[in-house]
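Trainee: Sequence and predicted structure below; questions after.
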There are 2 protein chains.
Amino acid sequence: MKKKQPRKNSIHDIARVLRLSPATISRVLNNHPHVHKATRSKVMAMVEEVGYKRNAMASGLRTNKTNTVGLIVPRISMFVHAEIITTIQNELHAHGYNLIICQSNDSVEVEKELTNTLYASRVDAVIAACTLFTTDFSHFDTLTQNNIPVIFYDRVPVKPYPACIIKGDDFRGGYLAAAHLLELGCRRIAYISGPLNCSIYIDRFAGFQKAMQQYDTPVLNNLVFYQELSAANARKAMNKLFAKKPYPDAVFAANDVSALEVLHFAKEINIQVPAELKIVGYSNDPRSAIVTPSMTTIEQFPANIGKVIVTELIKILKKDSGNDNKAVGDFPQITTAVGLIRRMST
Amino acid sequence: MKKKQPRKNSIHDIARVLRLSPATISRVLNNHPHVHKATRSKVMAMVEEVGYKRNAMASGLRTNKTNTVGLIVPRISMFVHAEIITTIQNELHAHGYNLIICQSNDSVEVEKELTNTLYASRVDAVIAACTLFTTDFSHFDTLTQNNIPVIFYDRVPVKPYPACIIKGDDFRGGYLAAAHLLELGCRRIAYISGPLNCSIYIDRFAGFQKAMQQYDTPVLNNLVFYQELSAANARKAMNKLFAKKPYPDAVFAANDVSALEVLHFAKEINIQVPAELKIVGYSNDPRSAIVTPSMTTIEQFPANIGKVIVTELIKILKKDSGNDNKAVGDFPQITTAVGLIRRMST
DNA sequence: TTGTTTTCTGAAAACGATTCCAGTTTTTTT
DNA sequence: AAAAAAACTGGAATCGTTTTCAGAAAACAA
């Protein structure tokens, strides 16, 4: 019960007991060469015995390295993000890095604070998926200017920024969804988009337009909605769409939450899906597979995104030259594949 | 473009420029009294100008305080956890603490490493929901023995452990689910449980038994399954249950993933839900609300759990006496409420 | 044996912020 | 005007680790 570690537990304490210097203990702990075998095992034994654990703050302060990567994400509960995070964590772990996960709750204010906190703890790099409302990315300057590499993904800066950018092929996603509906014969396609200040929605919309154009189908203003993609907003849009005929024959929603609400609404007012109305969502949220009818959606391959992010990050950390002497154009910009998953809603 | 922060950026640098001592800068930064007003504003201006940001490692090393709490969780993607985490983060933030979120991926090995990492960075406290397979909690000893408070929630130690424990009322959850089914007239109730080495499943099962007993209904061994709660395992269980008559008239599953698979299976073999088979899940996963028929389930009020956790944690951190001189019995053990949400599956 | 490498080890100076202890200035009191 | 108190500031030690530099010990060569 009263078994207590000695109050202090530093390499000095170990050194004192073994009549060695802290320097030697440190060398053992860091696998430096030129430590006598006997000394090494003596030290290791003692380290084991007293349960010594390195103080990361002292170490980091001295070496200017934390082996830690910070991640900022709007909400961890979003399926795509959860999946990406998990992959990132596993991959980083394999490379000896720890991951600090932070949620911005889609608040720019919190996002700013988080960049500061991560800088304060001097993480080796930051990975960020910004909020919907982040149009000014200058709060990341503290990081980039102090040579902490930043990788953006998902919701990325629209204007050039000195950081690596990794994004899904949103243009193609929008195109695939629209082309699919057009091919099925739909011509009055409603589109529920996110706000157009955000990179992903800009691109999805552009893809949507491209497909419509290819099928010589005009994009009707009263069939397109730019809004925060909540269920409530989707419902509002549907109320407008079905206030009077002609009804749309398809709805493409830029995320699955909206698409699910569209489906729910259609059921309520007894519109047959897919016969009278076809629906396509975005992201392949697990819910989209289990509703009835199951939902056609765009798959983003989150595990792949995670892998690409870590691969790039490791490259950057390895070469270690930091952001110095780099022009904006020197930072890679990578697009990851998307695909259409056809289900019963079309 | 070439605008560069001066290479170093410490209080020494600010002190040098202002012809003050680092001590004074520090005092300004920490709102110590007894700093001349003029000096204070001069310093603040310079801090602002050079964009000085405190080095958390140096500060933490000196003060032995990081204002950071570590959180270990099996998977952030589980809805209940995501919700709890978000609440914890927001509440902690209000108290000036940062949160480091870590995933164990339900691996005991990773969980161990994470406790070490969190100890290495000397967080002020650790909140942990352990893996299903954690039966030995000794890897948390490093923390408790070094006076870092630990709070367990959800999946908590079964044996006494010197840490605060916060758990949902799993006994009552199991009871409510079973009693609900019994009240509706079900008598052949199958139960898909998690493995019984884990606190939550022990309690849910006990609650289930209690209800069965109150209704003088025997718990039949061939209707109870102890297994990791995956969709695949749920399907296996269903295959057994529906291999030959008499079929069960209800299934209670200890989580929603299993319950959803049960529903899916029932649909496949054309069993009417709820007419022929009633189903109850656990956790109120968002998916349970949108399937057809929607799923009756046990709500755990995750936001409330998060609040309770932070309230307790702040109490502990405030009194700051640490784990010293505390017997195992001195640590609070709190149970949070659960409730039944009745939907169309019953 | 002596001289020269090669191994091994320790002393001490960092890293950046905080804080105790004095010391200096200013204000207040007598 | 002198004495006492209060307000303000700086020096220097400290937190625990890493690393450079140089010194001591061992191994090797001549």
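Mentor: That came through, no problem.
Trainee: hey, let's count contacts and neighbours off CA atoms from now on
Mentor: Will do.
Trainee: for DNA strand D, what are the nearby residues on the stretch 1-150 of chain A?
Mentor: A:8-12, A:22-24, A:26-27, A:29-30, A:53-56, A:58-59, A:61-63 (C-alpha under 7 Å from any atom of the strand).
Trainee: restrict those residues to contacts with chain B.
Mentor: When contact is defined as C-alpha under 8 Å from any C-alpha of the partner chain, those meet chain B at A:53, A:54, A:55, A:56, A:58, A:61.
Trainee: where do the strands sit along chain A?
Mentor: For chain A, the strands defined by DSSP state E occupy A:68-73, A:98-103, A:125-128, A:150-153, A:164-168, A:189-193, A:224-226, A:250-253, A:278-280, A:297-299, A:333-336, A:339-341.
Trainee: Tabulate those strands (a markdown table), appending distance to DNA strand C and mean pLDDT.
Mentor: What follows is the strands of chain A, written out as a markdown table (distance: least, C-alpha to the nearest atom of the strand, whole Å; pLDDT from 0 to 100):
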| stretch | distance to DNA strand C | mean pLDDT |
| --- | --- | --- |
| strand A:68-73 | 17 | 97 |
| strand A:98-103 | 21 | 94 |
| strand A:125-128 | 17 | 98 |
| strand A:150-153 | 20 | 97 |
| strand A:164-168 | 26 | 96 |
| strand A:189-193 | 45 | 97 |
| strand A:224-226 | 44 | 97 |
| strand A:250-253 | 48 | 98 |
| strand A:278-280 | 52 | 98 |
| strand A:297-299 | 45 | 98 |
| strand A:333-336 | 32 | 96 |
| strand A:339-341 | 47 | 98 |
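Trainee: can you redo those as TSV with mean neighbour count?
Mentor: TSV is the format used below for the strands of chain A (neighbours: other C-alpha atoms under 10 Å in any protein chain shown):
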stretch	mean neighbour count
strand A:68-73	24
strand A:98-103	23
strand A:125-128	25
strand A:150-153	24
strand A:164-168	23
strand A:189-193	25
strand A:224-226	18
strand A:250-253	27
strand A:278-280	28
strand A:297-299	25
strand A:333-336	15
strand A:339-341	18
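Trainee: Tell me how far residue A:211 lies from residue A:148.
Mentor: 40 Å (C-alpha to C-alpha, to the nearest Å).
Trainee: now residue A:170
Mentor: 28 Å.
Trainee: Which one's more surrounded, those two?
Mentor: It is residue A:170, of residue A:170 and residue A:148, that has more neighbours when counted by other C-alpha atoms under 10 Å in any protein chain shown, with 28 against 22.
Trainee: In contact with the residue lying closest to that one once chain neighbours are set aside, which residues?
Mentor: Leaving aside its chain neighbours, residue A:170 sits nearest to residue A:204 (4.9 Å; criterion: C-alpha to C-alpha, 6 or more residues apart in numbering or on different chains). Residue A:204 makes contacts with A:170, A:171, A:172, A:173, A:174, A:175, A:254, as judged by C-alpha atoms under 8 Å, 6 or more residues apart in numbering or on different chains.
Trainee: ok, the first one touching residue A:177?
Mentor: What that stands for is residue A:170. No. Assessed by C-alpha atoms under 8 Å, residue A:170 is found out of contact with residue A:177, at 10.6 Å.
Trainee: remind me, longest helix of chain A?
Mentor: helix A:302-319 (DSSP state H).
Trainee: hmm, back to that, TSV please, covering the strands of chain A and showing distance to residue A:88.
Mentor: Formatted as TSV, those follow (distance: least, C-alpha to C-alpha, whole Å):
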stretch	distance to residue A:88
strand A:68-73	9
strand A:98-103	8
strand A:125-128	10
strand A:150-153	12
strand A:164-168	13
strand A:189-193	28
strand A:224-226	31
strand A:250-253	28
strand A:278-280	28
strand A:297-299	18
strand A:333-336	15
strand A:339-341	21
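Trainee: closest to residue B:75 out of the ones you listed?
Mentor: Nearest to residue B:75 among those is strand A:98-103; the distance by C-alpha to C-alpha comes to 12.4 Å.
Trainee: quick one: contacts of that closest one?
Mentor: With contacts defined as C-alpha under 8 Å, 6+ apart, strand A:98-103 is touched by A:67-76, A:89, A:92-93, A:111, A:114, B:86, B:99-102.
Trainee: now do 6 Å
Mentor: When contacts are defined by C-alpha atoms under 6 Å, 6 or more residues apart in numbering or on different chains, strand A:98-103 is touched by residues A:68, A:69, A:70, A:71, A:72, A:73, A:74, A:75, B:100, B:101.
Trainee: quick check, nearest of the residues you listed to DNA strand D?
Mentor: Minimum distance to DNA strand D across the contacts of strand A:98-103 is 14.4 Å, recorded for residue A:68 (C-alpha to the nearest atom of the strand).
Trainee: Which residue, other than its chain neighbours, is closest to that closest one?
Mentor: Once flanking residues are discounted, residue A:68 sits nearest to residue A:98: 4.6 Å by C-alpha to C-alpha, 6+ apart.
Trainee: that older thread, Throw the contacts of strand A:98-103 into a markdown table and include distance to residue B:124, thanks.
Mentor: A markdown table is the format used below for these (distance: C-alpha to C-alpha, whole Å):
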| residue | distance to residue B:124 |
| --- | --- |
| A:68 | 18 |
| A:69 | 20 |
| A:70 | 19 |
| A:71 | 21 |
| A:72 | 21 |
| A:73 | 23 |
| A:74 | 25 |
| A:75 | 24 |
| B:100 | 11 |
| B:101 | 14 |
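Trainee: hang on, the earlier thing: now list the buried members of the residues of the stretch 1-150 of chain A next to DNA strand D.
Mentor: Buried by 16 or more other C-alpha atoms under 10 Å in any protein chain shown: A:9, A:11-12, A:22, A:24, A:26, A:53-56, A:58-59, A:61, out of those.
Trainee: Between all of the residues you listed, which two are separated the most?
Mentor: Taking C-alpha to C-alpha, no two of those sit farther apart than A:24 and A:61, at 19.2 Å.
Trainee: quick one, helices of chain A?
Mentor: Secondary structure of chain A, counting by DSSP H: helices at A:11-18, A:22-29, A:37-50, A:56-63, A:79-94, A:108-120, A:141-145, A:170-183, A:199-214, A:231-241, A:256-268, A:286-290, A:302-319.
Trainee: Of all pairs in the contacts of residue A:204, which one is the farthest apart?
Mentor: Maximum pairwise distance among these (C-alpha to C-alpha): 12.6 Å, between A:172 and A:254.
Trainee: Please say which of these two ends up with more neighbours.
Mentor: Using other C-alpha under 10 Å as the criterion, residue A:172 and residue A:254 rank with residue A:254 on top: 28 against 23.
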